[in-house]
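Peer 1: Structure of the sequence below:
(2 chains)
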2 protein chains.
Amino acid sequence: MDWTLFLIFLAACGGSAATGAMFQPGQWYDALAKPSWNPPNWVFPVTWTVLYLCIANAGARVAQEDGNAYAMGFFAVQIAFNTLWTPVFFGLHRMKAAMVVIICLWLAVAATTIAFWQLNLIAGILFIPYLVWVSIAAALNFEVWRLNRHTPIVT
Amino acid sequence: MDWTLFLIFLAACGGSAATGAMFQPGQWYDALAKPSWNPPNWVFPVTWTVLYLCIANAGARVAQEDGNAYAMGFFAVQIAFNTLWTPVFFGLHRMKAAMVVIICLWLAVAATTIAFWQLNLIAGILFIPYLVWVSIAAALNFEVWRLNRHTPIVT
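Peer 2: The predicted model follows:
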């Protein structure tokens, strides 16, 4: 592992992670109806910390492989949409628009996982927990939207 | 040019561009004091459209080069911080935090420009307008913060 390269990819994740620190759930989210399986709030930062370490590690591995054009393109798409989701959901409180963003994110993560898997097995495996978690997050986004869709948007 | 690859990198830019569409300047920004050289509002979406086309084109070129590890790492950093800036400035109205973000963005764009230049001359040239524009945007962010730093944050 090239650790300088790992830190560069971790910096990209840092841009995305900053949204989680700056756009907090707060009173608005606390007041929303949620599904019974909604994880407690502390689970999210813990999970994302582990995931970002996996994402950066996988990115650094595939960056060193020849023929990584599509893999690196999909990586760029997923990091952009990952950074976009939190401000749309927790900043704008637009649950339906956030649902569109997270579907795009899921597709980008799935494409990155497949592309990574073909170039570097460990990198592909490191992306699986991310794909699983975005699936859960998408289901949660959908359920929170469905349960609160008649509640007026409060900004 | 591999146009599928170009469209993948353009999708990454689309995640970033979406922030511009969703986090509008609005009344808050209109009411702020601005420097005399502040460009009119219409300049921003026009400039960013051209810049995103250049960024995606450059990304697709360098993605196809061998030895692109650092270049692709820096590309991921700049697209994440590009996506982060608009929600922090126009969403949270945190001009000082946005200044930190845009300094990180400037460093990431500068690093990407240098790394791209070394691998693919056209890609390096395509990043120059982006570096120039982020320099102008950083100066504008600084001036708007300086001129309004005693104004309380209104969210």
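Peer 1: from here on, contacts and neighbour counts on C-alpha atoms
Peer 2: Will do.
Peer 1: And chain B, is the helix ranked longest in chain A touching that?
Peer 2: Scanning chain A for the longest helix, with DSSP state H as the assignment, gives helix A:121-148. No - using CA under 8 Å from any CA of the partner chain, helix A:121-148 stays clear of chain B, with a minimum separation of 14.4 Å.
Peer 1: My read is that A:T113 contacts A:F127, right?
Peer 2: Yes - here A:T113 reaches A:F127: they are 5.6 Å apart, a contact under CA atoms under 8 Å.
Peer 1: Need the residue closest to the centroid of chain A.
Peer 2: Geometric centre of chain A, nearest residue: A:N82, 4.3 Å, by CA atoms, centre = their mean.
Peer 1: Identify the residues contacting it.
Peer 2: A:S16, A:I102, A:L105 (CA atoms under 8 Å, 6 or more residues apart in numbering or on different chains).
Peer 1: Assign the last one to helix, strand or coil.
Peer 2: In other words, A:L105. helix (DSSP: H, G, I helix; E, B strand; the rest coil).
Peer 1: So is the strand or helix carrying A:A60 next to chain B?
Peer 2: For A:A60, the host element (DSSP states H and E) is helix A:43-63. Yes - applying CA under 8 Å from any CA, one finds helix A:43-63 touching chain B at A:G59, A:A60, A:A63.
Peer 1: Now that helix: buried residues?
Peer 2: By neighbour count on 16 or more other CA atoms under 10 Å in any protein chain shown, the buried set for helix A:43-63 is A:48, A:51-63.
Peer 1: Repeat that for stretch A:64-84.
Peer 2: For stretch A:64-84, using 16+ other CA under 10 Å, the buried residues are A:64-65, A:67-84.
Peer 1: Filter those residues down to just the ones in helices.
Peer 2: Counting by DSSP H, the buried residues of stretch A:64-84 contribute A:69-84 to helices.
Peer 1: which one among those gets closest to A:W133?
Peer 2: Nearest to A:W133 among these is A:N82, at 12.1 Å by CA to CA.
Peer 1: confidence score at that closest one?
Peer 2: According to the prediction, A:N82 has pLDDT 98.
Peer 1: how far away is it from B:F81?
Peer 2: 12 Å (CA to CA, to the nearest Å).
Peer 1: intersection of neighbour lists for those two?
Peer 2: A:S16.
Peer 1: ok so, going back, widest-spaced pair of the ones in helices among the buried residues of stretch A:64-84?
Peer 2: Among those, A:A69 and A:L84 lie farthest apart (CA to CA), at 23.0 Å.
Peer 1: coming back round to it: could you check the angle the helix holding A:A60 makes with helix A:121-148?
Peer 2: Computed by axes from the mean of the first three to the mean of the last three CA atoms, to 10 degrees, the angle separating helix A:43-63 from helix A:121-148 equals 140 degrees.
Peer 1: Give the lowest-confidence helix or strand of chain A, using mean pLDDT as the measure.
Peer 2: Lowest on mean pLDDT, DSSP states H and E among the helices and strands of chain A sits helix A:26-30, with a mean of 92.
Peer 1: what's it packed up against?
Peer 2: Of the remaining helices and strands, none touches helix A:26-30 by 3 or more CA pairs under 8 Å, 6 or more residues apart in numbering or on different chains; DSSP states H and E.
Peer 1: distance of the nearest residue to A:Q78 once chain neighbours are set aside from B:Y130?
Peer 2: Leaving aside its chain neighbours, A:Q78 sits nearest to A:A108 (5.0 Å; criterion: CA to CA, 6 or more residues apart in numbering or on different chains). To B:Y130, A:A108 is 25 Å away according to CA to CA.
Peer 1: Which of those two has more residues huddled nearby?
Peer 2: Counting neighbours by other CA atoms under 10 Å in any protein chain shown for A:A108 and for B:Y130 shows that A:A108 has the greater number, 25 against 22.
Peer 1: Just confirm the more buried one contacts A:M72, I think it does.
Peer 2: No - here A:A108 does not reach A:M72: they are 11.1 Å apart, not a contact under CA under 8 Å.
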